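Novice: Output the structure for:
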Amino acid sequence: MNPGPAGILQLQEVLTRLINISVTLAFFALVVVLVWGGIRLLTSGGEPKAVQGAVNLFTWALLGILFLAIAWLILLLIKNFTGVDVTTFCLGFPGAPTNCPW
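Specialist: Got it, this is the predicted structure:
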């Protein structure tokens, strides 16, 4: 049985999944970088250059996690103040069937 050609709903679902997967992968990558920074710090042997490199790795990983969290909070604030759900990806074209709440 042929389901027919893909349309706006399928494109919207693919883009939503890509966004969700990319945010999840970014968070896990940052956690891996934090662990790697910890390993580098433990194996630095007190050498100042190695310790500084590990601390820099820690700093950038923590900033990345902080920026991800701030971006999510900004989206939630926009949603709460305006009532527009910007955390849900929705394609809306006039006359096209969508799952958009508007």
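Novice: The spatially most central residue of the chain: what's it in contact with?
Specialist: Nearest residue to the geometric centre of the chain (C-alpha atoms, centre = their mean): Val23, 2.1 Å. Residues counted as contacts of Val23 (C-beta atoms under 8 Å, 6 or more residues apart in numbering) are Leu68. Where you see a C-beta, it was placed from the backbone N, CA and C, and this is true even at glycine.
Novice: Repeat the analysis, applying 10 Å as the threshold.
Specialist: Leu68, Ala71, Trp72 (C-beta atoms under 10 Å, 6 or more residues apart in numbering).
Novice: Could you count how many residues lie near Ile39?
Specialist: 12 (other C-beta atoms under 10 Å).
Novice: my bad, should have said Ala61
Specialist: Ala61 - counted by other C-beta under 10 Å - has 20 other residues nearby.
Novice: Next: the one 4 residues further on.
Specialist: The local packing of Ile65 (other C-beta under 10 Å) involves 16 other residues.
Novice: Could you tell me what pLDDT the model assigned to the residue nearest to it when sequence neighbours are not counted?
Specialist: Nearest residue to Ile65 in three dimensions, chain neighbours excluded: Leu30, at 5.1 Å (C-beta to C-beta, 6 or more residues apart in numbering). Per-residue pLDDT puts Leu30 at 92.
Novice: just to revisit the earlier point, now, the contacts of Val23 that are in strands?
Specialist: Assigned to strands by DSSP state E, none of the contacts of Val23 qualify.
Novice: Export these as a markdown table, with columns for distance to Val55, pLDDT and neighbour count.
Specialist: Listed next are the contacts of Val23 as a markdown table, based on distance: C-beta to C-beta, whole Å; pLDDT from 0 to 100; neighbours: other C-beta atoms under 10 Å:
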| residue | distance to Val55 | pLDDT | neighbour count |
| --- | --- | --- | --- |
| Leu68 | 21 | 90 | 14 |
| Ala71 | 25 | 91 | 11 |
| Trp72 | 26 | 87 | 12 |
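Novice: sorry, back to before: for the residue nearest to Ile65, pull up the helix or strand it's in.
Specialist: Using DSSP states H and E, Leu30 falls within helix 8-42.
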